[in-house]
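Colleague: Could you work out the structure for the sequence below:
(chains A and B)
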Amino acid sequence: MSKKLKLAQEQAEVAIKETNKKIEELGNHTVALYDSLNALQEQFDKIRNMPSDKKLEYEKLQKIRMEWKQQAEKIEADYKKTTVKTAGKGAAGVGAGVAVVTMGPTAAMGVATTFGVASTGTAISSLSGAAATNAALAWLGGGALSAGGGGMAAGEAFLALAGPVGWAIAGIALLGSGIMFFKAKSDQKRLENVFCLISERDKRRYELARVELSERIIRIIDENELLGKALEKTISFGTEYNSMTEAQQYELGSYVNLMYASTQLLVNPIMGLKPNYTQADLDRYISSNQDTCGSFCSEHKELMVSMCNLLYGIDMDETDKKLLSKSFRKNKKFLASSGISKKEFKDSEIVFHVCEALKCL
Amino acid sequence: MSDYSVLLEMDVSAEKYGFNSSIVAAINDAEEELTSIDESIESIKRMRIDCDKTDYILSACSGVLCGIMDVFLVGKPGESPIGKLTDKWFANRTMDFAKLCGWKGQGELSSAVRFLEKRFKVPYDQHGAGDIAKGLLDLTPSNHHFKSLAHNPTLVGLFFSILDQFNNASHFVSEGQLIAVDNASGEFELKGNSIHAKLVCGFVNWFVHLVSDVSGSSGSKGRGSGIPSPMWSWVNDIIVLKRKLNIPTSEFDKNINGLAVKIFKEGFDVRFQTAQAIPVFVNELIVRFIYAVRRMIKYFSDTSGMERSFISMWKSCEPFSNPSVKRMLTVAHGTFCLVDAGDAVIRGFVAGAGSFNICEFFLRLNIAGIGRFTISLYGEAKRGIAVLKQENENVFMLRKKHIIQDYVNGLKELYSMYDDGELLRFIDDLEESDMYKLAFAKSAELAAKRSVPADKILKSKNDIDDFFGGAR
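Modeller: Predicted coordinates:
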């Protein structure tokens, strides 16, 4: 591996670590915000004269919130069990999960469950059980390696690592090995440049995420304070809405809007951590290009989405595409992890389809 | 930097929460990176040739014009109008130099030369007329400056001059042999009380003797033989080096050395070499001038009055360090060499009367032009290789730029998403007795900015009443 590629990967990994630290920091603050929001809502409920059906609906919402919390705790417990198991086997264990190692699992799992998106583009919060655990770990990056068993080779986790963080670590390590299949220095250099660009893009995505996470943390801290003040004021107004002055009623209305706005700090996605390409994007591409993409794209959606995420935002010329395709074709680990044969890979012209799919975005 | 960043900077200082500070810092850092990438791309662009058809045509025309000048005004030694001018110029400079050294004479070159030869004596000035060297070395007044190594204006010449002055000896190259004559000048002694002083004296003697001989010796009749051109002296250096390294000299070395002596005898010396350099220099000037004028016209037609400055004008039309003017020079010197070599070949055949007269060919071949053209070709090759390497880097840089631009766009999107400091001030507004409606409107705007579903946001007093009355 050239110094240039090594440096690019190291920089991407540093960006990941920094992002993970921020995720952990965010996780530590979300709990307090969650409590403040609940306290304010309870106070509003005391004022509100809710009809019984509305009350039921509200209770349902509260139940969903509770379930969210329980699920986060469940994922955390699953994760702990897995790491103990893998460590017991003497395998790499958590060592492979860069993200999880650097953060407290509770905070991380909470964040992953809230903001995370599985490789298919589905929100992790809508998944359950093992699927949610795996998706959350994959989303956090590298975690799926340990979740799937400490001895799992990077290549086997190719598809599981379609989340935003995992790519830079295992994806490039796996695909980067394809460079050695080429004897010509110019070919090697071309491929190295492509992988350098992938690392560069990943680095920028994590930097973007880190910047947003910092902003989010500042807002959570500040708005937690504002919510505290709002709660104090709301309590001071009493519970009789109709006997309040117009100014107090407007103030209450403002606090309701504040509560909604602050809640979004818990659920709005982090831009840099969203997958660049989702299954919905692929479905749109397939439906509008049925003649050209044939059955391959529909049969290998997961692989297509992963590849699209890998090559998103990377400019390549025809020679680069050919070389990349060849490097994938010759990479047995990659083929095994993708569940596709060499011939099928060649016939499918997958790199071509991926580029076309990305063009249609 | 864009207006956008100015806007961002203003906001930072204005915000209560200090938010956007990390976004602005990240945008600024990324913009800086983009600027440095742009500079790298620009520097690669500067390596590219930016010449149009007219540039090439004008360069070729300059080459042809100077080639004609070379054919008719330089020609060969003895028949050269420009050569006569350079002869005269060198003679005047020799007399000027003699005057500086204390010569009192008036307008007599031979007297000035004699004065300098006597004042700065050297032991290696045998000219073959009546001395032993004539028979042994075929030394004559017309070839002794070439055959005597110390008369060569090269580093090897300097080395042998000082060696000869220390040892009272002379070194000659003749028929492919390096010949040393000991005790060359009985009464000679190098002045100076220490080695350093002697070295300085030796150098001064060598230099002044070259100046005195550049327009011929004191006893020369007619034009006289000057000092050999450095572009032909190397044939002596080859033989000397081979001899010192015990490498046998080849027939080719001897032949080329013989040819060099022959054309030197015909008058191809430093003076004629200088005459040859004149059309080459004129060619150089014309091309650089054409380049500068055309770029200047382009600059004035493309740049509006407000944007014009001397620095930007100089940048766009300076004719020194850019590959475009160098390409034009390659074309011009190439054309010049073509005309000159064509003429030399034709005259070689004419003078040979049926066979090819190689001496005539080399007398007319403009060595200065060939040298200059070679330098241009070397530069072209070097630039070509560098551009090829840089092109790949350029592609990578452009792709990296695309990624960073995406990142900057993301940051700008974040900036607009998190630009809610003013809206969050509704809490302060609520403290003011008459601003509660404005504060409420701000809170609704904040909720909308944070993507709260529209049906959930309380936008009016009715919405508030409904919410707390249980209707929502």
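Colleague: Tell me which residues touch A:Asn244, please.
Modeller: Not quite, residue A:244 is Met, not Asn. Each residue near A:Met244 by C-beta atoms under 8 Å, 6 or more residues apart in numbering or on different chains is listed here: A:Phe237, A:Gly238, A:Leu252. (C-beta placed from N, C-alpha, C; glycine too.)
Colleague: for the first one, what are its contacts?
Modeller: Spelled out, it's A:Phe237. By C-beta under 8 Å, 6+ apart, the neighbours of A:Phe237 are A:Ile47, A:Met244, A:Gln248, A:Glu251, A:Leu252.
Colleague: quick one: it from B:Arg372, how far?
Modeller: Separation of A:Phe237 from B:Arg372 (C-beta to C-beta, to the nearest Å): 94 Å.
Colleague: burial count for residue 38?
Modeller: With no chain named, the answer covers chain A. 13 (other C-beta atoms under 10 Å in any protein chain shown).
Colleague: looking at chain B here, not the other one
Modeller: B:Asp38: 12 neighbours (other C-beta under 10 Å).
Colleague: what about it, which helix or strand?
Modeller: helix B:21-46 (DSSP states H and E).
Colleague: and if you look at B:Ile286?
Modeller: Using DSSP H and E, B:Ile286 falls in helix B:270-302.
Colleague: for that helix, which positions count as buried?
Modeller: B:270-280, B:282-284, B:286-288, B:290-292, B:294-295, B:299 (16 or more other C-beta atoms under 10 Å in any protein chain shown).
Colleague: Beyond that helix, next helix or strand please.
Modeller: helix B:310-317.
Colleague: can you pull the buried residues of the next helix or strand after that next one?
Modeller: Per DSSP H and E, the first helix or strand lying C-terminal to helix B:310-317 is helix B:323-352. Within helix B:323-352, the residues scored as buried using 16+ other C-beta under 10 Å are B:323-341, B:343-344, B:347-348, B:351.
Colleague: for chain B, which spans come out with low pLDDT?
Modeller: B:1-20, B:127-137, B:184-186, B:218-222, B:470-472 (pLDDT under 70).
Colleague: what angle separates the lengthiest helix in it from helix B:270-302?
Modeller: Using DSSP state H to define each element, chain B has its longest helix at helix B:367-417. Interaxial angle, helix B:367-417 versus helix B:270-302 (axes from the mean of the first three to the mean of the last three C-alpha atoms, to 10 degrees): 30 degrees.
Colleague: In the stretch 101-250 of chain A, where is pLDDT below threshold?
Modeller: A:101-181.
Colleague: okay, now the closest residue to chain A within the stretch 51-200 of chain B: neighbour count?
Modeller: Residue nearest to chain A within the stretch 51-200 of chain B: B:Cys51 (27.1 Å; C-beta to the nearest C-beta). B:Cys51 is flanked by 18 other residues according to other C-beta under 10 Å.
Colleague: so it sits in a helix?
Modeller: No. Checked against DSSP: H, G, I helix; E, B strand; the rest coil, B:Cys51 lies outside a helix; its state is coil.
Colleague: Tell me if I'm right that it and B:Met328 touch.
Modeller: Yes. With contact defined as C-beta atoms under 8 Å, B:Cys51 and B:Met328 form a contacting pair (6.1 Å).
Colleague: now the strands: where do they sit in the stretch 51-200 of chain B?
Modeller: Assigned strands in the stretch 51-200 of chain B, in chain order: B:170-174, B:177-181 (criterion: DSSP state E, counting those that start in this stretch).
Colleague: Throw these into a markdown table and include distance to A:Leu266 and mean neighbour count, thanks.
Modeller: Shown next, in a markdown table, are those (distance: least, C-beta to C-beta, whole Å; neighbours: other C-beta atoms under 10 Å in any protein chain shown):
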| stretch | distance to A:Leu266 | mean neighbour count |
| --- | --- | --- |
| strand B:170-174 | 94 | 25 |
| strand B:177-181 | 94 | 17 |
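Colleague: okay if I get the ones you listed as CSV plus distance to chain A?
Modeller: CSV is the format used below for those (distance: least, C-beta to the nearest C-beta, whole Å):
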stretch, distance to chain A
strand B:170-174, 48
strand B:177-181, 48
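Colleague: Just send the ones you listed back as TSV, with distance to B:Ser212 too.
Modeller: Formatted as TSV, the strands of the stretch 51-200 of chain B follow (distance: least, C-beta to C-beta, whole Å):
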stretch	distance to B:Ser212
strand B:170-174	17
strand B:177-181	21
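Colleague: Ok, which of those strands comes nearest B:Val395?
Modeller: strand B:170-174 (55.0 Å; C-beta to C-beta).
Colleague: name the helices or strands packed onto that closest one?
Modeller: helix B:133-137, helix B:144-147, helix B:155-167, strand B:177-181, helix B:230-244 (3 or more C-beta pairs under 8 Å, 6 or more residues apart in numbering or on different chains; DSSP states H and E).
Colleague: how does it look with 10 Å?
Modeller: Applying 3 or more C-beta pairs under 10 Å, 6 or more residues apart in numbering or on different chains; DSSP states H and E, one finds that strand B:170-174 contacts helix B:133-137, helix B:144-147, helix B:155-167, strand B:177-181, helix B:230-244, helix B:251-265.
Colleague: That one versus helix B:251-265: what angle between them?
Modeller: 110 degrees.
Colleague: re the thing from before, out of the helices and strands packed on strand B:170-174, which is the most enclosed?
Modeller: Stretch with highest mean neighbour count among the helices and strands packed on strand B:170-174: helix B:144-147 (a mean of 27; mean count of other C-beta atoms under 10 Å in any protein chain shown).
Colleague: quick one: average pLDDT of stretch A:39-58?
Modeller: What stretch A:39-58 shows for mean pLDDT is 72.
Colleague: With stretch A:295-304 instead?
Modeller: 79.
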